[in-house]
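Asker: what's the 3D shape of this:
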Amino acid sequence: MAFALKYFVMLLLLSMVTQGQCRCRATDLQIGAVRTGRQIAGQPEWKVTVVNTCNCPQKEVFLTCAGFAPVKPVKPWLFRPQGNACLLINGEVLPAGAKAEFGYAGQPYIFRPVRSRVRRSCMN
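Answerer: Residues are numbered from 1 along each chain as shown. Next up is the predicted model:
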């Protein structure tokens, strides 16, 4: 009986640790923007990089974009407005440690993560 209890406790602890590894949030997305040095229609061009710092893949990543009005539009499959937020890479999976990039020309804009979904499995 003690043998079975030890294995039960070990499995319980292991499942708690595994679940803790998959608790990603939109705040696990780091967002940075740098000027490329180019100008388009008199506005600076920017390169935005979104990095998934969580150890699990995230999908359906939304960033703030209310009032975002670039003079050089972003390719819609990279960054598409949906209400007051914008969907990154068509909602596709952003693997753990991976980055997604897009460029635009216009005034500087501070993008912030709004929400994302974490895949059920952290096997990837």
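
Asker: what ranges do the helices span in this structure?
Answerer: Ranges of helices within the chain are 2-21, based on DSSP state H.

Asker: what about the strand ranked longest in it, distance to the chain center?
Answerer: When secondary structure is assigned using DSSP state E, the longest strand within the chain turns out to be strand 29-40. Strand 29-40 sits 17 Å away from the centroid of its parent chain (CA atoms, centre = their mean, to the nearest Å).

Asker: got it, and stretch 103-114?
Answerer: Centre-to-centre, stretch 103-114 and its host chain are 14 Å apart (CA atoms, centre = their mean).

Asker: end to end, how far does that stretch reach?
Answerer: Distance between the boundary residues of stretch 103-114 (CA to CA, to the nearest Å) amounts to 19 Å.

Asker: Low-confidence ranges, the chain, go.
Answerer: Scanning the chain with the threshold set as pLDDT under 70 gives 1-22, 119-124.

Asker: Show me the strands in it, by range?
Answerer: Taking DSSP E as the criterion, the chain carries its strands at 29-40, 43-52, 58-64, 79-82, 85-88, 99-105, 113-118.

Asker: between those, which one is nearest to residue 23?
Answerer: Taking CB to CB, strand 113-118 is the member of the strands of the chain nearest to residue 23, at 7.8 Å. (Glycine included, C-beta is placed from N, CA and C.)

Asker: Does residue 46 touch residue 31 like I think?
Answerer: No - at 11.7 Å, residue 46 and residue 31 do not qualify as touching, with contact defined as CB atoms under 8 Å.

Asker: Those two: which has the busier surroundings?
Answerer: When neighbours are counted by other CB atoms under 10 Å, residue 46 comes out ahead of the other of residue 46 and residue 31, with 20 against 16.

Asker: Tell me how many other residues crowd the closest residue to the more buried one other than its chain neighbours.
Answerer: If the residues on either side of it in the chain are set aside, residue 46 comes closest to residue 33, at 5.0 Å by CB to CB, 6 or more residues apart in numbering. When counting by other CB under 10 Å, one arrives at 16 neighbours for residue 33.

Asker: and residue 70, backbone torsions?
Answerer: Comment: the main-chain dihedrals of residue 70 come out as phi -70, psi 150, following degrees, to the nearest 10.
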